[in-house]
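Trainee: pasting the structure only:
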């Protein structure tokens, strides 16, 4: 089995308490911020890997990677 699949991050008790104290709206904002950051980092990495690609090509690749390959069979 892949080593990365065997590794789990565990939240310590202090962090768990901080997260429990957040409202649903605060948790949703945190997830949204994380999602946006992840997309921005991925977009920058793809642009570095493929500087010749258009904005559309980069966006398609971001979507493909985030979808874990689900979009591999979608025509553009």
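Mentor: Received it, and whenever you're ready, just let me know what you need. Just so it is clear, the model here is predicted, and its values are computed rather than measured.
Trainee: buried sites along stretch 41-59?
Mentor: By neighbour count on 16 or more other CB atoms under 10 Å, the buried set for stretch 41-59 is 42, 43, 46, 47, 58. Yep, even glycine has a C-beta here, placed from its N, CA and C like the rest.
Trainee: was I right about the second one contacting residue 58?
Mentor: Spelled out, that is residue 43. Yes. Using CB atoms under 8 Å, residue 43 makes contact with residue 58 at a distance of 6.1 Å.
Trainee: So which elements touch the helix or strand that contains residue 26?
Mentor: Secondary structure from DSSP states H and E places residue 26 in helix 24-49. If you count contacts as 3 or more CB pairs under 8 Å, 6 or more residues apart in numbering; DSSP states H and E, helix 24-49 packs onto helix 55-66.
Trainee: And the contacts of the helix it packs on?
Mentor: For helix 55-66, contacts defined as CB atoms under 8 Å, 6 or more residues apart in numbering pick out 38, 39, 42, 43, 46, 47, 50, 53, 71, 72, 76.
Trainee: nearest to residue 7, of those?
Mentor: Of all the contacts of helix 55-66, residue 7 sits closest to residue 38, with 18.3 Å by CB to CB.
Trainee: The closest one: neighbour count?
Mentor: 12 (other CB atoms under 10 Å).
Trainee: Just the pLDDT for it.
Mentor: pLDDT for residue 38: 93.
Trainee: Please apply the same query to residue 5.
Mentor: Per-residue confidence (pLDDT) for residue 5: 60.
Trainee: Was I right to think residue 30 contacts residue 22?
Mentor: Yes. The criterion here is CB under 8 Å, and residue 30 meets it with residue 22 at 7.2 Å.
Trainee: For the contacts of helix 55-66, please prepare TSV with the additional fields distance to residue 17.
Mentor: Below are the contacts of helix 55-66 laid out as TSV (distance: CB to CB, whole Å):
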residue	distance to residue 17
38	25
39	29
42	31
43	34
46	37
47	39
50	43
53	44
71	38
72	41
76	46
